[in-house]
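Undergrad: Got a sequence here, can you build the structure:
(one chain, ligands or ions: 2)
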Amino acid sequence: MSFQPFVPISSASQISLLPELSSEQSLGSQAWLLKGYALPHAGAIFEAVADALEGSPLRKMSTARGWMSVAQSNCGAYGWVSDRTGYRYATSDPLTGTPWPAMPPVLYQLAVNAAQHVGFGAFDPQACLINYYEPGSRMGLHQDRDEADLKAPIVSVSLGLPAVFQFGGLCRTDPVQKVGLEHGDVLVWGGVDRLRFHGVMTVKSASSPLAHAHRLNLTFRRVT
Ligand code: MD6
Ligand code: FE
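TA: Residues are numbered from 1 along each chain as shown. Ligands and ions are numbered 1, 2, ... in the order given. Sure thing, here's the model as predicted:
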């Protein structure tokens, strides 16, 4: 799409005195970036996540290739876990031995609404993976393919420090699109884009002492 420096205003109805809080950008035929979609709920989301983390604290998980730099936890009926033997969804937290904290209604409803907003219909997420990035943390290119139900979309909410999201294709070596994710942004993708490779480049520390010190990402999925 070409950049249009000047768009003539043909009717007074196109003039709005209010800045747009939220807008959609298409990243693929079934992938959207909803800029600022979660902003009105940021405070409530932080509180709900803090509550969930009291039951299942953040921890760094290992993979067959080493330790992840992102600290993680989950809420909802299922949680995504990783260890040296591989990845899986589990109904209880291996750290506490008890079920994951329930998915707080504010998180569930935000994910449902975002999916609905771009036309995915009745999304009923069962898992919310909580990803916590300190400056220096990153997530390598991967596909989300541990879910039995690949028809449901994925909704991902970003809060705090900005990051550069890498959005690739269906092969690991396909070219990668770089997408800036800021506080309050929501990604929704599914359908033909469901198995696209993606990752998060190394998160940089804040340029101002008043800015957020970390990045929080919530990824909502249907598992079964
Ligand atoms: C992150 N997100 O944004 C990591 N996966 O920190 C993901 O891995 C992800 O944002 C699937 C769909 C959306 C995502
Ligand atoms: Fe992912």
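Undergrad: the longest strand in this protein is where?
TA: For the chain, the longest strand by residue count, based on DSSP state E, is strand 66-76.
Undergrad: Can you tell me what sits against stretch 164-175?
TA: With Cβ atoms under 8 Å, 6 or more residues apart in numbering as the contact definition, stretch 164-175 has outside contacts at 27-28, 31, 141, 176-181, 187, 195-201. For the C-beta atoms, the positions are set from N, CA and C on the backbone; glycine is no exception.
Undergrad: And for the nearest residue to Gly191 once chain neighbours are set aside, the neighbour number?
TA: In this structure, Gly191 finds its nearest non-sequential neighbour in Gln30, 3.6 Å apart by Cβ to Cβ, 6 or more residues apart in numbering. Counted with other Cβ atoms under 10 Å, the neighbours of Gln30 add up to 18.
Undergrad: my guess is Gln30 meets Arg196, correct?
TA: No - here Gln30 lies out of contact with Arg196, judged by Cβ atoms under 8 Å, at a distance of 9.8 Å.
Undergrad: Now stretch 61-78: buried residues?
TA: 61, 68-78 (16 or more other Cβ atoms under 10 Å).
Undergrad: ok, now stretch 41-48?
TA: Judged by neighbour count (16+ other Cβ under 10 Å), stretch 41-48 contains these buried residues: 41-42, 45, 48.
Undergrad: And for stretch 120-137?
TA: Residues of stretch 120-137 classed as buried: 120, 123, 125-133, 137 (neighbour count, 16+ other Cβ under 10 Å).
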